[in-house]
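Q: need a structure here:
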Amino acid sequence: MSLSLSLSHRFADFALDITLDAGPGITALFGRSGAGKTTVINAVGGLLRPDAGKITVDGEVLVDTDRGIFVPPHKRRLGTVFQDARLFPHLSVTQNLVFGASYAARGSTGPDLSDVVALLGLEALLDRAPATLSGGQKQRVALGRALLSHPRMLLMDEPLASLDGPRKQEILPFLERLRDGPLGLPILYVSHAVDEIARLADTLVLIQNGRVQAQGPLFDVMSDPAAVPLLGVREAGAVIEADVLAHGSDGISTLRISAGDLELPGVQAQIGSRVRLRVLAQDVILSLTRPEGLSSVNVLPVEIEDIHPGDGPGAAIALRAGSDRLLSRVTARAVVELGLSRGMKCYAILKATTVAPGSIGR
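A: Predicted coordinates:
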């Protein structure tokens with residue numbers, strides 16, 4: 001399953017001009033408010049007729065302005081989950097889910113009600129009314145309703161934006177389960193929250209002022225120092241994968257990455273499983289020699305791949321750590337005083353408590 005689009009659309013004070021391709025897994029569109037993310041997803045879903053462009057899903061042309069093709073939204077077989085759940089208040093959870101199933105194309109295959117209930121953990125909610133549900137529970141029901149329509153792709157427009165921190169952490173594992181599960185459903189995911197895309201996305205598209213600034217595999221784009229201004233200085237950082245080796249009685253777990261072992265708290269995954277870690281650039285300290293006598297035991301040998309000066313007093317340093325990549329943010333003065341340069345070997349120090357449990361995902 002693939003999505004290919006090339007769109008141009010002009011509003012009174014904003015112009016969109018975007019070309020992108022999305023394959024399997026979760027493709028995240030990231031950008032600040034007003035960047036054009038929702039305009040893209042509305043065009044794919046059929047809620048916006050673009051001035052010019054072409055949209056193709058799984059080889060089928062949904063929009064081609066040159067040829068006058070515009071497939072109506074209800075015939076596109078795309079499931080949509082909005083920022084607000086938009087459940088029918090007079091229907092129970094079960095009835096809301098069944099309503100989604102009524103839109104499944106005749107003869108289509110996909111999950112049935114029991115599959116969706118198990119996948120999203122809805123067993124205890126089936127007889128309840130939407131008014132009695134938390135925000136996270138409502139979004140799980142809305143997601144289940146979309147899945148039961150047997151879509152060939154899911155469109156998710158800021159689905160967690162209205163949730164507080166605990167509710168967001170409640171639903172993220174279900175989205176990870178959907179990404180990694182047997183359905184294999186591609187998802188176009190819109191967000192302006194870096195923590196969400198770091199945990200969920202396979203492919204990342206950075207959008208600014210209606211144009212694509214960068215796109216590619218999440219691990220590559222997140223660790224690119226050139227992406228720091230787009231992600232935000234305080235939010236920029238690499239995403240790496242690690243194997244869970246052990247859980248200590250003190251709450252500290254041992255994880256292994258290609259460059260060595262890390263000791264981190266708050267790891268809930270089972271021993272032997274693989275997790276994602278989001279490591280913020282501002283939390284990675286560099287040392288020319290291997291330090292001794294530190295409270296942090298997370299010291300990794302690294303090689304400097306690139307140095308990207310910022311507009312202010314800082315600089316982003318791209319690091320190769322085994323087969324992984326990290327980012328470090330230091331002052332421009334430190335670059336000069338330490339004599340940092342491409343190809344230099346040094347050590348990266350990571351304080352265990354800087355990797356929050358919410359930054360550790362499946």
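Q: nearest spatial neighbour of L280, skipping sequence neighbours?
A: Distance criterion CB to CB, 6 or more residues apart in numbering; nearest residue to L280, sequence neighbours excluded, is G237 at 3.9 Å. For the C-beta atoms, the positions are set from N, CA and C on the backbone; glycine is no exception.
Q: hang on, isn't the one you found packed against D224?
A: No: contact criterion CB atoms under 8 Å: G237 and D224 do not qualify, at 11.4 Å.
Q: looking at those two, which one has more neighbours?
A: Shown here are G237 and D224; by other CB atoms under 10 Å, G237 has more neighbours (27 against 23).
Q: ok, the more buried one - contacts?
A: The contact partners of G237, taken as CB atoms under 8 Å, 6 or more residues apart in numbering, are A198, M222, R278, V279, L280, A281, Q282, D283, V284, L327.
Q: can you flag the buried ones in the residues you listed?
A: A198, M222, R278, V279, L280, A281, Q282, D283, V284, L327 (16 or more other CB atoms under 10 Å).
Q: what ranges do the helices span in the stretch 151-300 of the chain?
A: 165-180, 194-200, 218-222, 228-231 (DSSP state H, counting those that start in this stretch).
Q: buried deepest among the ones you listed, which one?
A: Mean neighbour counts were compared across the helices of the stretch 151-300 of the chain using mean count of other CB atoms under 10 Å; the top stretch is helix 194-200, at a mean of 24.
Q: in contact with V279, which residues?
A: V279 neighbours (CB under 8 Å, 6+ apart): G237, A238, V239, I240, L326, L327, L350, T354, V355, S359.
Q: pull the CA atoms of stretch 7-20 into PDB?
A: Extracted C-alpha coordinates of stretch 7-20, given in PDB (Å, rounded to 0.1, in the frame of the first residue of the first chain):
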ATOM      1  CA  LEU A   7      -0.600  19.300  -4.300                       C
ATOM      2  CA  SER A   8      -0.900  23.000  -4.800                       C
ATOM      3  CA  HIS A   9      -3.500  25.100  -3.100                       C
ATOM      4  CA  ARG A  10      -3.800  28.800  -2.300                       C
ATOM      5  CA  PHE A  11      -5.700  30.400   0.500                       C
ATOM      6  CA  ALA A  12      -6.000  34.100   1.100                       C
ATOM      7  CA  ASP A  13      -2.800  34.300   3.200                       C
ATOM      8  CA  PHE A  14      -1.200  30.900   2.700                       C
ATOM      9  CA  ALA A  15       0.000  28.800  -0.200                       C
ATOM     10  CA  LEU A  16       0.600  25.000  -0.100                       C
ATOM     11  CA  ASP A  17       2.900  23.300  -2.500                       C
ATOM     12  CA  ILE A  18       3.800  19.800  -1.500                       C
ATOM     13  CA  THR A  19       5.000  16.500  -3.000                       C
ATOM     14  CA  LEU A  20       5.400  13.400  -0.900                       C
END
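Q: contacts for that stretch, please.
A: Contacts for stretch 7-20 (CB under 8 Å, 6+ apart): 4-6, 34, 36, 39-40, 43, 48, 50-53, 55, 205, 207, 210-212, 215.
Q: where in this protein is pLDDT low?
A: The chain contains residues with pLDDT under 70 at 1, 356-359, 362.
Q: what's the distance between the residue located most distally from the centre of it and A259?
A: Within the chain, the residue lying farthest from the chain centre (CA atoms, centre = their mean) is G293, at 37.2 Å. For G293, the distance to A259 (CB to CB, to the nearest Å) stands at 21 Å.
Q: doesn't H74 fall inside a helix?
A: Yes: the assignment for H74 by DSSP: H, G, I helix; E, B strand; the rest coil puts it in a helix.
Q: okay, now it: neighbour count?
A: Look at H74: counted by other CB under 10 Å, it has 9 neighbours.
Q: one more: the one 5 residues further on?
A: Burial of G79, expressed as a neighbour count using other CB under 10 Å, amounts to 25.
Q: nearest spatial neighbour of the residue nearest the centre of the chain, skipping sequence neighbours?
A: The residue lying closest to the centre of the chain (CA atoms, centre = their mean) is I197, at 1.9 Å. Counting by CB to CB, 6+ apart, the nearest residue to I197 once its immediate chain neighbours are dropped is A28, at 4.2 Å.
Q: kindly report the same for D220.
A: R325 (7.8 Å).
Q: now swap in N42 and tell me
A: Closest to N42 by CB to CB, 6+ apart is L48, at 4.1 Å.
Q: before we move on, back to that, in strands only, show me the contacts of G237.
A: R278, V279, L280, V284, L327 (DSSP state E).
Q: what is the most widely separated pair among these?
A: The most widely separated members of the ones in strands among the contacts of G237, counting by CB to CB, are R278 and V284 (11.9 Å).
Q: quick one: end-to-end distance for stretch 263-277.
A: Stretch 263-277 has its terminal residues 12 Å apart, counting by CA to CA, to the nearest Å.
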